[in-house]
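> no sequence for this one, just the structure:
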């Protein structure tokens, strides 16, 4: 492998790593493709092609004629929401475009971002989900006397979702079990007299599980013409909504 070919592969590695971080962190498909193509252009490769789906990235770069195009594939197995990482990768992309960062520095910084765990501690996440559940309940015209039950149900439900997901990596089952627990706790609060409007408590409590970012990205990708990614994310959002609805539905026959 000559130096020119080796450099192309190094550039592709940087571009794919940036795309992988954005896609795993909840970024849109168009953002992944645009970032990879801009970074490759800044390093001197003008002719690039990318094909991005929620589960994988195919990236192709054409060197000088008559060299054939180089193509690499990377698999995406885990996806979460971490917009801080998306912002950090975008910042590195802008520095590459302006010439502030070279290829080696970009690779080191991207590897550092990839290894970071920028998520808030679990108890802060639970506290935020709990407070959001109570506020959503009020937003849906619930009464203030149901604020505390909604907070407790939503917080425990979100904690159960995170806890179950560690043991069962399939999101459908963890979302199903968490929503069932939310429905059961909401019914229990109403049964013992601490809660009053069962529907409002449940609606507020499950909002922390609702796939808002997935729906937004699915619509954005469909509007941008990324039909495969848009439909895939839409199907994933539908499965999440179905899991939440199914978990709640099991509780209602006992109401």
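That came through fine. These numbers were taken from a predicted model, which means no experiment stands behind them.
> Give me the buried stretch members for stretch 177-188, please.
Across stretch 177-188, burial judged by 16 or more other CB atoms under 10 Å covers 177-187. For glycine as for every other residue, the C-beta is placed from the backbone atoms N, C-alpha and C.
> quick one: the longest helix along the chain to chain centroid distance?
For the chain, the helix with the greatest residue count under DSSP state H is helix 227-251. Chain-centre distance of helix 227-251: 14 Å, with CA atoms, centre = their mean, to the nearest Å.
> Can you tell me what sits against that helix?
Contact with helix 227-251 is made by 29, 52-55, 171-173, 175-184, 186-187, 202, 206, 209-211, 214-215, 217-222, as judged by CB atoms under 8 Å, 6 or more residues apart in numbering.
> and residue 137, what is it in contact with?
146-147, 150, 200-201, 203-205.
> CSV for the buried residues of stretch 177-188, including pLDDT?
Below are the buried residues of stretch 177-188 laid out as CSV (pLDDT from 0 to 100):
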residue, pLDDT
177, 91
178, 91
179, 92
180, 92
181, 92
182, 92
183, 90
184, 91
185, 91
186, 89
187, 90
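> Kindly indicate which of those residues lies nearest residue 109.
Closest approach to residue 109 among the buried residues of stretch 177-188 (CB to CB): residue 178, at 36.0 Å.
> can you pull out the helices in this structure?
With DSSP H as the criterion, the chain has helices spanning 3-24, 29-42, 83-97, 103-115, 122-139, 147-167, 171-192, 198-206, 212-223, 227-251.
> Tell me the buried residues in the third one?
It refers to helix 83-97. So for helix 83-97, counting by 16+ other CB under 10 Å, buried means 85-86, 88-90, 92-93, 95-96.
> One more: the last one?
Of the residues in helix 227-251, those scored as buried under the neighbour-count criterion (16+ other CB under 10 Å) are 229-230, 232-234, 236-237, 240-241, 243-244, 247-248, 251.
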